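Q: return a 3D structure for these sequence lines:
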Amino acid sequence: MLNDYILGIIFSIGYISRGRLIFKNKNKYFLEQIQRVCGNNIYEQKDKNNVQYVLSTKYFNIEKLKSMGWSSRNSDIRQLPRLKQYGDFLRAYIELHSRFDYSTRYRSRQKKIKYKALRLRIYGNKILIRDINKILNIDASTTLKSPQNEKNNKTSCISYTSIDEIKSIFQYIEQNPCFNSFWEGIENKLRMPVIV
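A: Here you go, the predicted model:
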């Protein structure tokens, strides 16, 4: 059954090739979620000495997906589908298109005492990111961010540096199914949000 979580995976990594919807990712888990719906086989593909998993299917109605706002991964315009609630969709999207790192901050106005603090970055097409920014502002009580546009002028990134906002985002999207190793990584990082 096509649920919002699987729709989040389709919008995150699906693209069209020869009339088929193709999914590729280094984490087999995401393709297994798609496989549960369509039943197609997953196979391994080597890409520059790295293994990635691939699933190809004609199961999904591409025109219906397009009517919901989906477009192939490299499109100039990608929109969010209209959903009643975005927590499940965004859980898949954020599991696939976010990164944790540490940014340098300063403890004093004179910028003499440096430390590193946790930062969450969410990436994607600029229209998707604009809409995700608004949803997280309303549903996860985050402040609106100023997206940073990439040189290609198609993609952008929003960054969250407040630990309270990061926790609020993950409380908003926390449910099952989920990519367990991603969530274990979050728990580990949130145990040590600051490096002195």
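Q: what is the rounded mean pLDDT of stretch 17-27?
A: Taken as a whole, stretch 17-27 carries a mean pLDDT of 89.
Q: same question, stretch 135-148
A: For stretch 135-148, the per-residue pLDDT averages 94.
Q: show me which residues of it are buried.
A: For stretch 135-148, burial by neighbour count (16 or more other Cβ atoms under 10 Å) applies to 135-136, 139-140, 142, 145, 147. The C-beta positions use only the backbone N, C-alpha and C, and glycine is treated the same way.
Q: measure that stretch end to end?
A: For stretch 135-148, the first-to-last residue distance is 17 Å (Cα to Cα, to the nearest Å).
Q: just how off-centre is the longest helix seen in the chain within its chain?
A: Scanning the chain for the helix with the most residues, using DSSP state H, yields helix 126-139. The chain centroid and the centroid of helix 126-139 are separated by 12 Å under Cα atoms, centre = their mean, to the nearest Å.
Q: for that helix, which outside residues touch it?
A: The contact list for helix 126-139 (Cβ atoms under 8 Å, 6 or more residues apart in numbering) reads 11, 77-80, 86-87, 90, 93, 122-124, 142-145, 147, 149, 153-158, 169, 172.
Q: any quick PyMOL command for the buried ones out of those?
A: To isolate the buried members of the contacts of helix 126-139 in PyMOL, using 16+ other Cβ under 10 Å:
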select buried, resi 11+78+79+80+86+87+90+93+122+123+124+142+145+147+154+155+156+157+158+169+172
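Q: inside strands: which ones of the contacts of helix 126-139?
A: Secondary structure from DSSP state E places 122-124, 149, 155-158 of those in strands.
Q: out of the residues you listed, what pair is the most spread apart?
A: Using Cβ to Cβ, the ones in strands among the contacts of helix 126-139 span at most 13.8 Å, a distance reached by 122 and 149.
Q: where does the protein dip in pLDDT?
A: For the chain, the stretches with pLDDT under 70 are 72-77, 108-111, 196.
Q: would you map out the domains in it?
A: According to automatic domain parsing, the chain comprises the domains 4-75, 94-195.
Q: please enumerate the helices of the protein.
A: Going by DSSP H, the chain shows helices at 4-13, 28-38, 62-67, 87-97, 126-139, 163-173, 180-191.
Q: quick one: which of those is nearest residue 19?
A: Smallest distance to residue 19 across the helices of the chain (Cβ to Cβ): 7.8 Å, for helix 62-67.
Q: surely residue 55 meets residue 34?
A: Yes - with contacts counted by Cβ atoms under 8 Å, residue 55 reaches residue 34, the gap being 5.6 Å.
Q: overlap in contacts, these two.
A: 23, 40.
Q: is it possible to export the helices of the chain to JSON lines including distance to residue 106?
A: As requested, the helices of the chain are exported to JSON lines (distance: least, Cβ to Cβ, whole Å):
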{"stretch": "helix 4-13", "distance to residue 106": "35"}
{"stretch": "helix 28-38", "distance to residue 106": "38"}
{"stretch": "helix 62-67", "distance to residue 106": "46"}
{"stretch": "helix 87-97", "distance to residue 106": "28"}
{"stretch": "helix 126-139", "distance to residue 106": "26"}
{"stretch": "helix 163-173", "distance to residue 106": "17"}
{"stretch": "helix 180-191", "distance to residue 106": "21"}
